[in-house]
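Enquirer: Here is the input, now give the coordinates:
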Amino acid sequence: MPTPRPIRKAVFPAAGLGTRILPATAVLPKELLPIVDKPIIQYGVEEAAAAGMSQIVLVNSPGKRILEDHFAPHPALDAVLARRGKSVLLAGLRDLTAGIELSTACQAEPLGLGHAVLVSRERVGDEPFAVVLSDDVIDADPPALRQMLAAYAEVDGPVLLVERVPREAVGRYGVIAGDPLGGGVHRVTDLVEKPAPEDAPSDLAIIGRYLLTPDVYPALEQTGKGQGGEIQLTDGLRRLLAQRPIFAVELDGVRHDAGNKPGYLRAILHFARKHPELGAVLAEPPGREPAP
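Expert: Here you go, the predicted model:
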């Protein structure tokens, strides 16, 4: 089997309205809501960079320029931190933009995840790429994208990240049917977008990481509107499955859907417990004043 081409680009769909977490997202994009001391989207960007993906393609909407500003250099803030001797904070801020190249593609209307991927085509070109849904904040070792890349190096086709979910929850996801190959890897035999629990082919739900090949673009162009009147990526992948094999990897780690209020709160608590300064705070009695 030929060695697959390396994946250098990661597409981040970010043009949505964040309605599941209103009113916090009325002005501030949900991708910039903080989980402890980093915004939601930064967890995904750092994961992509750690997996060797140096080119970030942000699929944005016209009213969310602030997202691009977050990843831009901040010379005035750099100067203040340097003057005050805040070397750790300064290094963290510079690490945010070091080693990544950000470009944007405009999705004028939120017409579905499949459409968001389609508008990235000019930026991605004719090479394999990742899609990262930043709502899914994942804590895993090795990181989720690296788990997927390990499988990608061994198989001839796109790789999806999946997780077992309760049967009553499958209607919120794309769901696969697959033949297990061992080691948590499955060869996909079918994909269904948001099935009713009684119709779901399994409890393996597709979650927010994809390694895709450029032939997904013509498949998506031929895909009509599906669930919710939107172009669904799952439907495009189902069309692609008729032409080439697709694989799935079960996540070994912890995922939080930070795009809704319960998941966002769980993500904050999860990462706060792991934070070197904040873990002890959660163990203190409510209302206790911090030590000077």
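
Enquirer: Assign a three-state SS to residue 104, would you?
Expert: strand (DSSP: H, G, I helix; E, B strand; the rest coil).

Enquirer: quick one: the helices in the stretch 51-200 of the chain?
Expert: 65-70, 75-83, 87-97, 113-118, 121-124, 144-152 (DSSP state H, counting those that start in this stretch).

Enquirer: for those helices, which one sits closest to residue 170?
Expert: Evaluated over the helices of the stretch 51-200 of the chain, closeness to residue 170 peaks at helix 113-118, with 17.0 Å, by Cβ to Cβ. To be clear about C-beta, it is placed using only N, CA and C from the backbone, and glycine gets the same treatment.

Enquirer: if we can go back for a sec, which one of the helices of the stretch 51-200 of the chain has the most crowded surroundings?
Expert: A comparison of those by mean neighbour count, using mean count of other Cβ atoms under 10 Å, puts helix 113-118 on top with a mean of 24.

Enquirer: Can you tell me which helices and strands that helix packs against?
Expert: Secondary-structure packing of helix 113-118 (3 or more Cβ pairs under 8 Å, 6 or more residues apart in numbering; DSSP states H and E): strand 9-13, helix 216-221, helix 233-241.

Enquirer: Okay, now the unreliable bits of the stretch 151-292 of the chain?
Expert: The model of the stretch 151-292 of the chain has pLDDT under 70 over residues 226-228, 283-292.

Enquirer: residues touching the closest residue to residue 13 other than its chain neighbours, list them.
Expert: Spatially, and ignoring its direct neighbours in sequence, residue 13 is nearest to residue 116 (3.8 Å; Cβ to Cβ, 6 or more residues apart in numbering). Contacts for residue 116 (Cβ atoms under 8 Å, 6 or more residues apart in numbering) come out as 11, 13, 15, 59, 107, 110.

Enquirer: where's residue 116 relative to residue 262, distance?
Expert: Using Cβ to Cβ, to the nearest Å, we find residue 116 at a distance of 24 Å from residue 262.

Enquirer: Residue 186 now?
Expert: Distance, residue 186 to residue 262, by Cβ to Cβ: 28 Å.

Enquirer: same deal with residue 218?
Expert: Distance, residue 218 to residue 262, using Cβ to Cβ: 38 Å.

Enquirer: Looking at these two, which has the bigger crowd around it?
Expert: Neighbour totals were compared for residue 218 and residue 262, and residue 218 leads with 14 against 10 (other Cβ atoms under 10 Å).

Enquirer: do you know how far the more buried one is from residue 109?
Expert: For residue 218 relative to residue 109 (Cβ to Cβ), the value is 22 Å.

Enquirer: end-to-end on stretch 102-117?
Expert: Stretch 102-117 has an end-to-end distance of 16 Å (criterion: Cα to Cα, to the nearest Å).

Enquirer: what mean pLDDT does that stretch have?
Expert: Stretch 102-117 shows a mean pLDDT of 89.

Enquirer: try stretch 37-53
Expert: Stretch 37-53 shows a mean pLDDT of 92.

Enquirer: Flag every buried residue along that stretch.
Expert: For stretch 37-53, burial by neighbour count (16 or more other Cβ atoms under 10 Å) applies to 38-45, 47-49, 51, 53.

Enquirer: Can you give the contact residues for it?
Expert: With contacts defined as Cβ under 8 Å, 6+ apart, stretch 37-53 is touched by 6-10, 12, 14, 30-35, 56, 67, 70-71, 96, 99-100, 130, 132-138, 143-146, 149, 258-259, 267, 275.

Enquirer: about what we covered before: quick one, which of the contacts of residue 116 are buried?
Expert: The neighbour-count test (16+ other Cβ under 10 Å) marks 11, 13, 15, 59, 107 as buried among the contacts of residue 116.

Enquirer: what about residue 255, which SS state?
Expert: Assignment for residue 255 (three-state DSSP): strand.
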